[in-house]
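Visitor: After the sequence you'll find the predicted model.
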Amino acid sequence: MNRVVRPAAIIVIIAAAGLLAAQTRQFNPVTEEMLRKPSPNDWLNWRRTDNAWGYSPLDQINRNNVKQLQLAWAFPMQGGWQEPTPLVHDGVMYLPNAGSVVDALDASSGDMIWEYRRDLPKFSLPGHDTEHQLLDEPMRNLSMFEDKIFLGTADAHMVALGARAGKVVWDTQASDYKDGLDYRAGTVVVHGKVIGGLVGCGTYVESKCALIGHDAETGRELWRVLSVAKPSEPGGDTWSDLPLLFRSGGDMWIAGSYDPTLNLVYWGTAQAKPWARVSRHTDGDALFTDSTIAVNPDTGKMLWYHQYLPGETEDMDDVFEKILVDSPEHKSLFEMGKLGILWEIDRQTGKFIHATDLGYQNLVDVAPDGKVTYRPGKIPVAGQSIDFCPSYGGIKNWQAMAYHPETHAFYIPTHPFTCETATYPVEKLERGGGGSGGVKQVMRPNPLGDGSGGAFIAMNTSGKILWKHEQRASYSTSALTTAGGLVFVGDNRNVYAFDVKTGELLWQTKTMAPPTGFVITYSAGGRQFIAIPAGNRFIAGAPRLNTGNAILVYALPQTANR
């Protein structure tokens, strides 16, 4: 595993300089109003705004001058699995790293202000002999409120750090890391409550994945919503007669969205574990997995759920970003999961509105009323091989799409390059089992595509494709849209800027390592920057590229014509 190594003397100098900077820099607390309507200069939420658009109103960098973009600064990051989203407030970048490390940097220069490093334990998962390495676990995003930064850790704690100096304000255990549960997605802050979801619920243990609300001031747990229905509660009969111990899955590994008008938080849950029905001993819907759940952030009450693939059985979850868009007819929530189907549902009720299939999958059919049925021969039978598209990595994964309000379109990074042949066994039900269920998988090219490793697709809200870029390399970052008429995205070695209307390539640059994670933009000192994480990346079905992690930050030259 690649690690950033800093000699002891350099660490002392950096720490001293950071302490001085923390003491002298003015900090303006983040209010509830600022979170709901962030300054164009800042990036205060995972996708900048509650509606998860991934859109910025900054336009200093635009169609006319984007070709002048150049590297302004870079900063080395912790080694490990990297998919981070920086936050920016008042000229300070708060950067999550693998292994529960957080760096606070001057957003104009990249100079370190402070660093938080957590002492993570080493352990073996129940039923496993190999040691689980928490230092490699990704942290996708942070949140902030008032004078605190909130970090969900790889050992299942929720931690508040002082934004000025990075000191621990409170530390609350959410679950027992020895059960395999931890945090990888970040949190949403609403009404003084820090809300985050657990992952790692692939083993048969008493602990289950859940969406948890904490008091932002004290860290006290206020409520908890399980993503797996208990036998005696609503939805419990959808797991057949399985006891709660053997109801597994529902990981919440991508952060949610929030509608302040309806006062609802929307969060995605992943598939049931093991993936196949035959392996997990149930033919039911397995609620509340593979769903969007709508939760009142004040009470923790689930108001509704929408399950995309009832009884999902090939690891095709729909856990990803929930983009909130209004039209004259609907308050809609849009989501695309691994099958490459763009779902539109009513975010007031959870009712189905519309679905658009990109055409790269052969597993299911979606009726006009939204009912999903598996095609003949696509539900696994124990010991028999089954062929299907896409592979378990999906057509779309964590690489978030972005929305642009001018074009009313989504910009979607996809990688429709593999299918698979899988053979599923019957899982032996005992404590510590679960996970994939021992499935045997063989990858092959997707015949439904044109052989491309990646397709970057512009699609409007009605499902019409406006333009598409197909290429051999897969797209490996989220998309970012801006008021400058641009959309940014990265692949294995490049970062691109396209015109949102025409799809014309306006700028590209090679990077020292694969771009990965979530691209953001912000303004500091009157200058707009584009920040792009790079380094270790992982897409299911593709090799892990073990290269140095860093944040790369681009801007126009100081003398550029803006």
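Guide: Thanks, I have it.

Visitor: contacts, neighbours, all on C-alpha from now
Guide: Noted.

Visitor: For stretch 393-404, give the mean pLDDT please.
Guide: When pLDDT is averaged over stretch 393-404, the result is 96.

Visitor: Quick one: end-to-end distance for that stretch.
Guide: 26 Å (C-alpha to C-alpha, to the nearest Å).

Visitor: How far does that stretch sit from its chain's centre?
Guide: 9 Å (C-alpha atoms, centre = their mean, to the nearest Å).

Visitor: buried ones in that stretch?
Guide: Along stretch 393-404, these residues count as buried under the neighbour rule (16 or more other C-alpha atoms under 10 Å): 393-404.

Visitor: Could you do stretch 302-321 as well?
Guide: In stretch 302-321, counting by 16+ other C-alpha under 10 Å, buried: 302, 304-321.

Visitor: can you check stretch 173-181 too?
Guide: 173-175, 177-181.

Visitor: List of residues touching it?
Guide: 123-126, 154-158, 182, 198-203, 205, 207, 209 (C-alpha atoms under 8 Å, 6 or more residues apart in numbering).

Visitor: Show the buried residues in the residues you listed.
Guide: 123, 125, 154-158, 182, 198-203, 205, 207, 209.

Visitor: Which members of those residues are positioned in strands?
Guide: Mapping those onto strands (DSSP state E) picks out 123, 157-158.

Visitor: Which one of the residues you listed is nearest to Lys37?
Guide: Among those, Met158 lies closest to Lys37 (C-alpha to C-alpha), at 25.0 Å.

Visitor: Tell me where the model's unsure across the stretch 251-400 of the chain.
Guide: With pLDDT under 70 as the threshold, the stretch 251-400 of the chain has no low-confidence stretch at all.

Visitor: Tell me which stretches of it form helices.
Guide: Remark: helices assigned in the stretch 251-400 of the chain by DSSP state H, counting those that start in this stretch are 277-280.

Visitor: give the contact list for the residue nearest the centre of the chain.
Guide: Taking C-alpha atoms, centre = their mean, the centroid of the chain lies closest to Ile254, which sits 3.7 Å from it. Shown in contact with Ile254 (C-alpha under 8 Å, 6+ apart): 140, 184-186, 267-268, 319-321, 398.

Visitor: Any chance of TSV for these, columns distance to Val487?
Guide: Listed next are the contacts of Ile254 as TSV, based on distance: C-alpha to C-alpha, whole Å:
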residue	distance to Val487
Arg140	21
Arg184	26
Ala185	24
Gly186	24
Trp267	25
Gly268	25
Val319	23
Phe320	20
Glu321	17
Trp398	17
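
Visitor: Now stretch 232-250: buried residues?
Guide: Residues of stretch 232-250 classed as buried: 235-239, 242, 244-250 (neighbour count, 16+ other C-alpha under 10 Å).

Visitor: which residues are contacting that stretch?
Guide: So stretch 232-250 is contacted by 199-206, 208-209, 227-231, 269-274, 280-290, 429-431, 434 (C-alpha under 8 Å, 6+ apart).

Visitor: tell me the mean pLDDT over that stretch?
Guide: On average, stretch 232-250 scores 95.

Visitor: Can you give me the end-to-end span of that stretch?
Guide: Termini of stretch 232-250 sit 18 Å apart (C-alpha to C-alpha).

Visitor: what's the spacing between that stretch and its chain's center?
Guide: On the basis of C-alpha atoms, centre = their mean, stretch 232-250 sits 26 Å off its chain's mean C-alpha point.

Visitor: Give the helix, strand or coil label for the residue nearest to Val205 when sequence neighbours are not counted.
Guide: Nearest residue to Val205 in three dimensions, chain neighbours excluded: Leu245, at 5.7 Å (C-alpha to C-alpha, 6 or more residues apart in numbering). The assignment at Leu245 comes out as helix when based on DSSP: H, G, I helix; E, B strand; the rest coil.

Visitor: State the distance from Leu245 to Cys389.
Guide: 31 Å.

Visitor: swap in Thr421?
Guide: For Thr421, the distance to Cys389 - C-alpha to C-alpha - is 9 Å.

Visitor: I'd like to know which of the buried residues of stretch 232-250 is nearest to Pro380.
Guide: Trp239 (17.3 Å).

Visitor: Check the gap between that closest one and Phe288 for me.
Guide: For Trp239 relative to Phe288 (C-alpha to C-alpha), the value is 10 Å.

Visitor: Asp387 is in contact with Lys440, correct?
Guide: No: with contact defined as C-alpha atoms under 8 Å, Lys440 does not reach Asp387; the gap is 11.9 Å.

Visitor: Return the per-residue confidence for the nearest residue to Cys209 once chain neighbours are set aside.
Guide: Distance criterion C-alpha to C-alpha, 6+ apart; nearest residue to Cys209, sequence neighbours excluded, is Leu198 at 5.1 Å. Note for Leu198: predicted pLDDT of 97.

Visitor: Make sure Leu198 is actually in contact with Asp182.
Guide: Yes: counting by C-alpha under 8 Å, Leu198 touches Asp182, with 5.6 Å between them.

Visitor: hey, what's in contact with both of the two?
Guide: Ala156.

Visitor: Show the contacting residues for Gln471.
Guide: With C-alpha under 8 Å, 6+ apart, Gln471 has these contacts: 452-455.

Visitor: From these, pick the one nearest Trp114.
Guide: The closest of the contacts of Gln471, once distances to Trp114 are taken by C-alpha to C-alpha, is Gly454, at 37.6 Å.

Visitor: if I look at the closest one, how far off is Tyr475?
Guide: Applying C-alpha to C-alpha to Gly454 and Tyr475 gives a distance of 5 Å.

Visitor: Neighbour count: those two, which is higher?
Guide: Tyr475 (30 against 23; other C-alpha atoms under 10 Å).

Visitor: what's across from that one in the sheet?
Guide: Beta-bridge partners of Tyr475, counted by DSSP bridges, are Asp491.

Visitor: Ala455 is in contact with that one, correct?
Guide: Yes: counting by C-alpha under 8 Å, Tyr475 touches Ala455, with 7.3 Å between them.

Visitor: got any residues that touch both of these two?
Guide: Common neighbours of Tyr475 and Ala455 (C-alpha under 8 Å, 6+ apart) are 413-415.

Visitor: who wins for neighbours among these?
Guide: Of the shared contacts of Tyr475 and Ala455, with other C-alpha under 10 Å as the count, His415 tops at 31 neighbours.

Visitor: Alright, that wraps it up for me.
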